[in-house]
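1. Sequence and predicted structure, then a few things I'm wondering about:
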Amino acid sequence: MRAKARELVERRSFQRFVIVLIVCNAVTLGLETSPRLMDSYGGLLHALDRLALAVFVAELALRFYGHGWRFFRDPWNVFDLLVVGIAVVPATGPLSVLRTLRVLRVLRLVSAVPSMRRVVSGLLAAVPGMASVASLLALVIFVAGVMATKLFGAIAPVYFGDLGTSLFTLFQIMTGEAWPDVARDVMAQAPLAWIFFVLYILVSSFAVLNLFIAVVVSGMEDQVTADLAEAEERNAQAQARSDALLLEEVRALRAEVAELRAASSSPEATSS
């Protein structure tokens, strides 16, 4: 029974059914945000939502039954369990906020679609490198914040009146939001302030932020390489099993041929 349950949940058609159900559940959750639709079809939408939840719970139960305690060795299984478990918790009283978290079930699409799963795995693999880049970016913003507070604090206190305000303004400038307005207000009294803003944007936006993209791309390339290596290893193992089976069949055939030859060359066969 466990093998049949495991075969069922791993069947491609069953996985496609789960993906379609997740998408349909996402649509119903989106429709529930419309007061007009809730007034007309609120009961139907709630019924469809509970039906989808029941199917998700049954699917997880089958997966747990098929894999046993090995179910928890796969992080994606644990992720699905947490996402569905939040929706099962009664959303009443102090836990009413959990009703809003039902939409997290849509994130199951990440674990159900292999391509999305590879993207997330690549992002997670790039986290250590992203932490280093984030530390470098924080250092650049801090140094620039101290300089801007001392240089432009008296000129534009709205933007650079203290260190906290300067850090927020520099973060806004780094994203490219309204930085010309900030620069012009400062340059009205400090014409050479453009040097500071241009250098800061070159370092923070064009250099450091692009490192994030490089780290993420590198992490995803490593993930793709690992997936290809794993696929090649599985193919090699399958080929090795096929070769071993073929070799056993050849040996059995040789043994049968040898027996036939021995039988044909025996004295009884010769005398007859």
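-> Received, thanks. Residues are numbered from 1 along each chain as shown.
2. quick one, what contacts Ser166?
-> Contacts for Ser166 (CB atoms under 8 Å, 6 or more residues apart in numbering) come out as 145-146, 148-149, 153, 159-160. (C-beta placed from N, C-alpha, C; glycine too.)
3. Other residues contacting stretch 199-214?
-> The contact list for stretch 199-214, computed with CB under 8 Å, 6+ apart, reads 130, 133, 136-137, 140-141, 144, 170, 173-176, 179.
4. run the last query once more with 10 Å
-> Under the criterion CB atoms under 10 Å, 6 or more residues apart in numbering, residues 126, 129-130, 132-134, 136-141, 143-145, 147-148, 170-171, 173-176, 179, 183 lie in contact with stretch 199-214.
5. Next, the distance between the ends of it.
-> Taking CA to CA, to the nearest Å, the first and last residues of stretch 199-214 lie 21 Å apart.
6. and that stretch, how far out from the chain's middle?
-> How far stretch 199-214 lies from its chain's middle: 25 Å, per CA atoms, centre = their mean, to the nearest Å.
7. Buried ones in it, by neighbour count?
-> For stretch 199-214, burial by neighbour count (16 or more other CB atoms under 10 Å) applies to 200-201, 203-204, 208, 211.
8. same question for it, mean pLDDT?
-> The pLDDT scores in stretch 199-214 average 84.
9. Next: stretch 147-163.
-> Mean predicted lDDT for stretch 147-163 stands at 91.
10. Alpha carbons only: can I get that stretch in CSV?
-> Taking Å, rounded to 0.1, in the frame of the first residue of the first chain, the C-alpha atoms of stretch 147-163 are listed here in CSV:
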residue,chain,number,x,y,z
MET,A,147,29.8,62.4,4.8
ALA,A,148,26.5,63.7,3.6
THR,A,149,25.3,64.7,7.1
LYS,A,150,28.5,66.7,7.7
LEU,A,151,28.6,68.2,4.2
PHE,A,152,24.9,69.0,3.5
GLY,A,153,23.2,68.8,7.0
ALA,A,154,23.0,72.6,7.3
ILE,A,155,22.2,73.1,3.6
ALA,A,156,19.3,70.6,3.3
PRO,A,157,18.2,69.4,6.8
VAL,A,158,15.1,67.8,5.4
TYR,A,159,17.3,65.3,3.6
PHE,A,160,20.5,65.3,5.6
GLY,A,161,19.7,66.8,8.9
ASP,A,162,20.9,63.8,10.9
LEU,A,163,22.4,60.4,10.3
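11. how deep is Phe168 tucked in, by neighbour count?
-> Neighbours of Phe168 under the rule other CB atoms under 10 Å: 13.
12. ok, it to Ser205 distance?
-> According to CB to CB, to the nearest Å, Phe168 stands 16 Å off from Ser205.
13. Val106 and Val27: what is the separation?
-> Distance from Val106 to Val27, counting by CB to CB: 10 Å.
14. That should have said Leu209, apologies.
-> Per CB to CB, Leu209 is found 35 Å from Val27.
15. Likewise for Phe196?
-> Distance from Phe196 to Val27, by CB to CB: 50 Å.
16. ok, those two, which is more surrounded?
-> Using other CB under 10 Å as the criterion, Phe196 and Val27 rank with Phe196 on top: 18 against 13.
17. Next one: the more buried one from Glu10, what distance?
-> Remark: distance between Phe196 and Glu10 (CB to CB) = 59 Å.
18. Please apply the same query to Leu60.
-> For Leu60 relative to Glu10 (CB to CB), the value is 14 Å.
19. Could you check which of the two is surrounded by more residues?
-> Using other CB under 10 Å as the criterion, Leu60 and Glu10 rank with Leu60 on top: 19 against 12.
20. Was I right to think the more buried one contacts Asp74?
-> No: using CB atoms under 10 Å as the test, Leu60 is too far from Asp74 to be in contact (12.0 Å).
21. residues bridging contact with these two, i.e. touching both?
-> Common contacts of Leu60 and Asp74, defined by CB under 10 Å, 6+ apart, comprise Asp80.
22. all strands in the stretch 151-272 of the chain, in order from the N-terminus.
-> Assigned strands in the stretch 151-272 of the chain: none (criterion: DSSP state E, counting those that start in this stretch).
23. In the stretch 101-250 of the chain, what residue spans correspond to helices?
-> Per DSSP state H, counting those that start in this stretch, the stretch 101-250 of the chain carries helices over the ranges 108-112, 114-125, 127-152, 157-160, 163-174, 179-187, 193-201, 209-264.
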